[in-house]
Each structure stands twice: as C-alpha cells, then as structure tokens.
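Visitor: Can you look at this prediction? I've put the sequence above it.
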Amino acid sequence: MRLRIAPPTAGPSAVSPREPDDDAGAGGGALVAGAWVARPPDLRPPHHALGGRDGLALQKAAEGVAVLFKQLYKVTEFGAVARFWLGPNPYCVLSSAKAVESILSSQRHLHKSWDYTLLHPWLGEGLITSAGSKWHSRRKLLTPAFHFKILEDFVDVFTSQTDTLVKRLRAKADGRPFDVFHCITCARSTSYAFRQFRPWLHPDFVFRRTSHGRKHDACIKTIHGLAKQTISMRRKARRAKRFAAQKKAPEEDFGQKTRQAFLDLLLEYSENDSTITNEDILEEVNTFMFAGHDTTTAAMNWFLYVMGTHKEIQTRVQEELDAVFQGSDRPATMADLRELKYLELCLKESLRVFPPVPMIIREVKEEIQINNYRIPAGTSVVIHVYRLHRDPEQFPNPEVFDPDRFLPENCNKRHPYAYVPFSAGPRNCIGQKFAQLEMKVVLSSILRNFRVESDIPWEEMRVHGELILRPKEGNPLKLHPRK
Ligand code: HEM
C-alpha cells in the first residue's frame, strides 16, 4: 500500500502547538526534512539512500539532534506509520497506540537499533543495550531486585537523601530563579545525542580524534571510576557482613529469606557463578546508574516546572499533603505515599506531557506488518513517545495539563499503548516502580516545604529531545518556603 503524501509545506498542523524546539535555528528546517523525511511508508524495496538534496537535508538535520527530534515529530504528521532515511539506514516512525502496540507487545522485536551501540563505550552491553540470550538471562536475574517488597526498604534511603536535598534547596529558596536541571544529566547524554545523527562520527577512530570525542572519553572515565568505587565498597561491606554472620549463632538467621538489592544480587551471583565477570557487573552498574538517575532527575524537574506554572493544581497537591502530614515534618512512610492520590495523578500527567525518554528505537530483525505497511527486516523503528502522548484521539486537547485524565474511569477509555512513559511489554522499564516511589518521596517532600513558581509560560517552554527530554533553555524555578 502506498500513501499519497502532502507536500511538506501543506496544510495546518494536525499536531499540538508545543512542537519540540520550535525555534530551532538555521538548521531547524522541518520543511527541508519534509522533503527527505516523508516517504510513503511502503518500505519495500528501499527506494534510495542518501544523496543530492537528501544529503543537504541530512547535513542540516545534523546541526543538532534536537532539530532531528523536531523533524521526526513533523514526520508523524504524514501518518501513524511514516518512513525516513538517515544515510543508507531506513527508519520508520510510529505515533499511534495501535502501531506502537505491534512492536512493544511483541516477543520477537526486542532488539535495540544500532543507535544504542553508540552507548556501548559508556554502558557496555548492560540490560538497556543488550539483546538475545544475554538480555534474557540478565533480565531474569535482575527482576527480583525490583520486587515491590524490596522497594519498601528503600523508602528510608529516599527520605534521608531527600532531607539533604531539602536542606540544600532551603539555601536557594529566596524567591530568585535558579536552574534546577542537573548539569551531569546534560553532559553525558548530550555526547551521545551529538554523535547519533552525525554518521561521519560513528567510527570510533574518527570520533576519538575530535574535541567532543575527547570530552566524551574523559566523562566516561569519571563515570566508570565512580561505578568501580561503588562496586568495591559494596564488596567490602559484604565481606564484613559475612564475617559478622559467621560469629552469630546459625539459628539467629533461621527462616529469614532476605530479598537482595540489585548490586548485592549481582555480586552474589558472581561469587557463585564464574560466568558473571567483573566486566559484567560494571556494565550493569553503569547501566542502572544512568537509567535510574538521568530519567528520574528529568521527570522530577518537569514535574516541578508543571507545578510552577499551574498554581491551582499545586495548591490542590499541597492541600492533600497537609491533610496527610497534618503539618508535621516527619519523614513519609509507605502508608502516607499510598494516600497521595492527587500527587500521583499529577505525576502521571507530567510524564505524559514531558516523557523523560522521548523516543525508543528498535530494529526489526524480520519483516513485520504495521497498519497495512510492510516494514522489512533491518528497519529501525522509532516509537515517538512524545508525539504518541499528544494524540488528540487518546488525549483530547493534548497540550492542556489535566491530571484527571488518569482517573481510573478515564484510563479505561484509552488504548493500553496510548501512554508508555516507561515503555511497555517484555522490554519495559524494570525500574518503573522504584522510580515512582522515589519521585513520590522527593516531590512530596519538596512541596511540603516549598511553593514553586516558574516565569516560563507553559506555551513558551521549548524542549530538546535527546536520550532524555530536557528543557532547551533550562528550568529556572523560584522557591518560596511554606513554613
Ligand atoms: C521516571 C523515570 C524513568 C523513566 C521515564 C524510564 C523509562 C524507561 C524506558 C522508556 C525504557 C525503555 C527504553 C528503551 O527501550 O529504549 C526503560 C528501560 C529501562 N529502565 Fe527505566 N525509566 C525510569 C527509571 C528507571 C529506574 C529508576 C531504573 C533503575 C533503577 C531504570 C532502569 C531501566 C532499565 C535497566 C531498562 C532496560 C530494561 C530492558 O531493556 O530490559 N529505569 N526505562
């Protein structure tokens, strides 16, 4: 089946006004992108690779990954299944729940695209980047570390760390704006994004010789150093614990089957199974440090921005907090967190409007049919989460922040794949419950202590879609102490 494609300049946009990075500079040629990006999505056989006008367009696209993110967003105007080429590589962009379901629910299309190989120097082949039997066995091994029972043990850690954060924020809470977006988030994922859409920088021997490559290597050395230090500290702590346990009477531990946290689980396996090497542990620690940190940092930043621009909604969240905590500044318990229903709705809606992982890319290893289009093996399939979450059929007035969309009666009306901030299916986010708990602890504590205000109007916030979705101009917030 072939689609008739409107010329790139045609017609009013069917999508929402908050296009990513709307003022994306000289290279922001969404219209140029239309010329090379938009193709009838019957992907068989490949029509042509890069050249001529397409080459020019690619060069323009390469002026920034944020520009490309915007262009992909534009591509989705051509349909729920749309095709574009990046150099000789065919891509297919999906932006409807039904189309997305075909990939995410499948047990067969679990391979990440080549784009993720650019993360190998940093993450190795950890759970995010691995495939096949390696991914499968690791996923099985690590799943128990995210059992809801073990998550309860983390509440104390979250609350004590949040205490420190609140103390630091108090020093900044003088009503003057400061940017809360963590710089480390940007530094690391930006190197990846910079390289992703510059095919000439893909070979390692070229990239390493550029200033970006040298910076990237130095950054990775620091991060790996931190991961190695964490592993070694944990090993020492385990040895000390074992030593202490040997001194105890054996019956003291009788019947206590303890659940283990992620790193303990890996270390225990490596102690009993020589196939799990130090290298394996390191790549998982790096993977989880990235996956567990950059995403939640972004999500919490976006949530605070939303609160800072929606005063009435913030007041309602704070009324709920006051009702639960009754003015006390005691740390939150699991029971308190369960009662924070409105905060939870707001968090879900914030993850819809600003999904921290704005795109997911898989490579199909065998032909698949999606909405009557044949997608051949070897195609990279982009799930445009940011655009999917703005489908007006699933989310009427998608740019309006409305937490009630997540009331159970409203969720029931939606397609199950319309909302996937944590992905879905067999390769969904292993840490989603952990993340939700952590975010509830941190955000509830911040809003118990401060009122948040932002001067960037809702319609003017511009986003950059990289590995992680971040604000183009930062997120300056003003904090006012509540007590
Ligand atoms: C708001 C916070 C988070 C969001 C929005 C998020 C989102 C996602 C998404 C969309 C994926 C799929 C990525 C892809 O296929 O390319 C993913 C995978 C993953 N996430 Fe998260 N995540 C969050 C927090 C966390 C946390 C806290 C952890 C760990 C403690 C974590 C660990 C992982 C891992 C290991 C994977 C790979 C799973 C696999 O392929 O089997 N994430 N996450």
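Guide: Here it is on my side, so go on. A quick note: this is a predicted structure, and the numbers were derived from the prediction, not measured. Numbers count the residues shown, from 1 in each chain.

Visitor: contacts and neighbour counts: CA atoms only from here.
Guide: Will do.

Visitor: For the host helix or strand of residue 288, give the mean pLDDT please.
Guide: Taking DSSP states H and E as the definition, one finds residue 288 inside helix 278-309. Averaging pLDDT along helix 278-309 gives 92.

Visitor: right, is that helix up against the ligand?
Guide: Yes: counting by CA under 6 Å from any ligand atom, the ligand is contacted by helix 278-309 at 288, 291, 292, 295, 296, 299.

Visitor: Figure out how far that helix is from the centre of its chain.
Guide: 8 Å (CA atoms, centre = their mean, to the nearest Å).

Visitor: go on, stretch 326-340?
Guide: Put simply, stretch 326-340 sits 27 Å off its chain's centre (CA atoms, centre = their mean).

Visitor: please begin residue numbering at 184 from this point
Guide: Done: numbering now begins at 184, and the last item shifts to stretch 509-523.

Visitor: For that stretch, which residues meet the burial criterion?
Guide: Buried residues in stretch 509-523, counting neighbours by 16 or more other CA atoms under 10 Å, are found at 514, 515, 520, 523.

Visitor: same thing with stretch 597-612?
Guide: Buried, per 16+ other CA under 10 Å, within stretch 597-612: 600, 601, 602, 603, 604, 605, 606, 607, 608, 609, 610, 612.

Visitor: Could you grab the helix/strand/coil label for residue 266?
Guide: What DSSP: H, G, I helix; E, B strand; the rest coil gives for residue 266 is strand.

Visitor: Check whether it really touches residue 273, as I assumed.
Guide: Yes: using CA atoms under 8 Å, residue 266 is in contact with residue 273, at 7.2 Å.

Visitor: I'd like to know how many residues surround the nearest residue to residue 384 once chain neighbours are set aside.
Guide: Spatial nearest neighbour of residue 384, excluding adjacent residues (CA to CA, 6 or more residues apart in numbering): residue 390 at 5.0 Å. As a burial measure, residue 390 scores 17 neighbours (other CA atoms under 10 Å).

Visitor: Most neighbours among the residues of helix 461-492 next to the ligand, which one?
Guide: residue 482 (24 neighbours).

Visitor: got a list of what that one touches?
Guide: The contact partners of residue 482, taken as CA atoms under 8 Å, 6 or more residues apart in numbering, are 533, 534, 537, 538, 539.

Visitor: try it again with 7 Å
Guide: Contact analysis of residue 482 by CA atoms under 7 Å, 6 or more residues apart in numbering lists 534, 539.

Visitor: neighbour-wise, which of residue 266 and residue 273 wins?
Guide: More crowded of residue 266 and residue 273, by other CA under 10 Å: residue 266, with 27 against 20.

Visitor: what are the bridge partners for the more buried one, then?
Guide: Note on residue 266: beta-bridge partners residue 222, residue 275, judged by DSSP bridges.

Visitor: do the same with residue 553
Guide: residue 556.

Visitor: re the thing from before, and the ligand, which of the buried residues of stretch 597-612 reach it?
Guide: Residues of these in contact with the ligand (CA under 6 Å from any ligand atom): 604, 605, 606, 610, 612.

Visitor: Let's verify the first one: helix, strand, or coil?
Guide: Under three-state DSSP, residue 604 falls in the coil class.

Visitor: buried stuff in the helix holding residue 471?
Guide: The neighbour-count check on helix 461-492 (16+ other CA under 10 Å) flags 463-471, 473-475, 477-492 as buried.

Visitor: next one: stretch 381-394
Guide: Per 16+ other CA under 10 Å, stretch 381-394 contains these buried residues: 381, 384, 385, 390, 391.

Visitor: ok, of the residues you listed, which one's closest to residue 648?
Guide: Of all the buried residues of stretch 381-394, residue 381 has the smallest distance to residue 648: 15.7 Å, by CA to CA.

Visitor: and the buried residues of stretch 381-394 as a markdown table, adding secondary structure, pLDDT and distance to residue 454?
Guide: As requested, the buried residues of stretch 381-394 are arranged in a markdown table below (DSSP: H, G, I helix; E, B strand; the rest coil; pLDDT from 0 to 100; distance: CA to CA, whole Å):
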| residue | secondary structure | pLDDT | distance to residue 454 |
| --- | --- | --- | --- |
| 381 | coil | 72 | 42 |
| 384 | helix | 74 | 40 |
| 385 | coil | 76 | 37 |
| 390 | helix | 76 | 37 |
| 391 | coil | 77 | 36 |
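
Visitor: With distance to residue 627 added, can I get the residues you listed in JSON lines?
Guide: Shown next, in JSON lines, are the buried residues of stretch 381-394 (distance: CA to CA, whole Å):
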{"residue": "381", "distance to residue 627": "41"}
{"residue": "384", "distance to residue 627": "43"}
{"residue": "385", "distance to residue 627": "43"}
{"residue": "390", "distance to residue 627": "43"}
{"residue": "391", "distance to residue 627": "43"}
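
Visitor: Of those residues, which are in range of the ligand?
Guide: Residues of the buried residues of stretch 381-394 in contact with the ligand (CA under 6 Å from any ligand atom): none.

Visitor: Now the residue most central in space within the chain: closest residue in space that isn't a chain neighbour?
Guide: With distances taken as CA atoms, centre = their mean, the chain has residue 540 as the residue nearest its mean C-alpha position (2.7 Å). When the adjacent residues along the chain are set aside, residue 540 lies closest to residue 651, with 5.0 Å between them (CA to CA, 6+ apart).

Visitor: ok, how many other residues are close to the one you found?
Guide: 23.

Visitor: ok, it touching residue 538?
Guide: No: between residue 651 and residue 538 there is no contact under CA atoms under 7 Å: 8.4 Å.

Visitor: can you tell me which residues contact residue 575?
Guide: Counting by CA under 7 Å, 6+ apart, residue 575 touches residue 581.

Visitor: In a strand, it, correct?
Guide: No: Residue 575 is assigned coil when assessed by three-state DSSP, not a strand.

Visitor: Tell me the pLDDT of it.
Guide: pLDDT for residue 575: 96.

Visitor: distance of it from the ligand?
Guide: Per CA to the nearest ligand atom, to the nearest Å, residue 575 is found 21 Å from the ligand.

Visitor: what's the angle from the longest helix along the chain to helix 461-492?
Guide: Looking across the chain with DSSP state H, the single longest helix is helix 394-430. Here helix 394-430 points in a direction 110 degrees away from that of helix 461-492 (axes from the mean of the first three to the mean of the last three CA atoms, to 10 degrees).

Visitor: What helices and strands are in contact with helix 394-430?
Guide: If contacts are counted by 3 or more CA pairs under 7 Å, 6 or more residues apart in numbering; DSSP states H and E, helix 394-430 sits against helix 461-492.
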